[in-house]
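Enquirer: Got a predicted model here, sequence first, then my questions.
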Amino acid sequence: MIELFFWPTPNGMKPLIFLHETGLEHKLTPVDINQGEQFAQYFLKIAPNGRIPAIVDSVPEGGGSPVSVFESGAILIYLAEKTGSFLPDSLRGRAEVFEWVMWQMAGLGPMLGQNHHFNVYAPEKVAYAIRRYNDEASRLYAVLDQRLSEREFICSNYTISDMVCYPWVARHERQQIDLENFPNVKRWFDGISERPAVIEAYRQAKTVDTGVPVTEISHSVLFGQTAETVRKMAREKRD
Ligand SMILES: N[C@@H](CCC(=O)N[C@@H](CS)C(=O)NCC(=O)O)C(=O)O
């Protein structure tokens with residue numbers, strides 16, 4: 001059984017899609033990041049960065065105590081290794097998938113996150129930051145578009161590299177991206193959107209979503225974090 005600590009965001013959707021694609025038995029534990037539940041001591045023990053998603057595998061390979069994993073890329077690699085799914089057998093093929101998983105984790109995700117922040121959430125409109133992240137978003141979409149001009153999926157088959165990129169591309173409108181300008185990404189995106197497992201994952205995610213928009217409270221929870229936030233949690237853990 002996989003317990004997924006989850007909130008319906010792009011990073012949260014990655015493991016949920018994987019779980020539906022494989023039919024692996026799972027349980028969703030919501031962590032409402034708008035209310036600061038990511039700072040709960042029980043959660044920080046498994047996810048010291050205070051970010052969803054994280055998993056606990058209560059039936060790890062070879063038995064023994066449960067295995068916990070944080071960071072969505074690491075989670076998908078762990079689950080792919082555990083199930084022998086959505087990762088090629090050859091080292092050559094695996095290296096290619098890892099390249100694109102890392103590209104998403106280090107590039108596409110963080111840059112689109114900043115794009116979203118400055119376009120949607122920032123209380124002041126900072127023209128330089130908006131332009132910087134709009135440019136970077138369109139550059140990254142062009143890289144993906146080029147890649148997909150030669151193949152159906154990001155790597156040779158549908159793999160975890162597609163599953164990590166898809167939920168970020170699903171937010172293209174918020175990122176000021178018109179998919180008509182990236183026809184190969186659009187074709188790839190439309191195809192994955194029709195996969196029954198993906199439809200089911202988004203359906204399950206809706207059961208968690210409170211539909212509450214980012215309020216002023218969540219604004220200060222999500223965007224006011226500093227080193228002191230981390231140190232305060234460490235003090236609370238000691239006391
Ligand atoms: N690199 C991390 C990023 C995780 C992340 O940023 N999660 C967001 C939701 S998508 C979160 O938990 N935010 C809570 C906060 O900012 O306090 C991953 O891919 O798992």
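Expert: Done, it's in.

Enquirer: The helix or strand containing residue 55 - what's its average pLDDT?
Expert: Assigned by DSSP states H and E, residue 55 belongs to strand 54-57. For strand 54-57, mean pLDDT rounds to 98.

Enquirer: strand partners of it, parallel vs antiparallel please.
Expert: Within its sheet, strand 54-57 is paired with strand 2-6 (antiparallel), strand 67-70 (antiparallel), according to DSSP bridges.

Enquirer: near the ligand, anything from it?
Expert: No. Using C-beta under 6 Å from any ligand atom, strand 54-57 stays clear of the ligand, with a minimum separation of 8.0 Å. Where C-beta positions appear, they are placed from N, C-alpha and C, glycine not excepted.

Enquirer: Could you list the buried residues of the lowest-mean-pLDDT helix or strand in the chain?
Expert: Within the chain, no helix or strand scores below helix 216-223, which has a mean of 80 by mean pLDDT, DSSP states H and E. Buried positions in helix 216-223, judged by neighbour count with 16 or more other C-beta atoms under 10 Å: 218, 221.

Enquirer: and after it, which helix or strand comes next?
Expert: Following helix 216-223 toward the C-terminus (DSSP H and E): helix 227-238.

Enquirer: Mean confidence (pLDDT) on that next one, please.
Expert: Averaged across helix 227-238, pLDDT comes to 88.

Enquirer: List the contacts of the strand holding residue 55.
Expert: Strand 54-57 has contacts (C-beta atoms under 8 Å, 6 or more residues apart in numbering) with 1-5, 15, 43, 46-47, 66-70, 75, 78-79, 82.

Enquirer: And the lengthiest helix in the chain, what does it pack against?
Expert: Longest helix in the chain, counting residues (DSSP state H): helix 127-148. Using 3 or more C-beta pairs under 8 Å, 6 or more residues apart in numbering; DSSP states H and E as the contact definition, the elements that helix 127-148 packs against are helix 109-116, helix 160-169, helix 183-193.

Enquirer: would JSON lines of these with mean pLDDT, mean neighbour count and distance to the ligand be doable?
Expert: Formatted as JSON lines, those follow (pLDDT from 0 to 100; neighbours: other C-beta atoms under 10 Å; distance: least, C-beta to the nearest ligand atom, whole Å):
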{"stretch": "helix 109-116", "mean pLDDT": "96", "mean neighbour count": "19", "distance to the ligand": "6"}
{"stretch": "helix 160-169", "mean pLDDT": "98", "mean neighbour count": "26", "distance to the ligand": "8"}
{"stretch": "helix 183-193", "mean pLDDT": "98", "mean neighbour count": "17", "distance to the ligand": "19"}
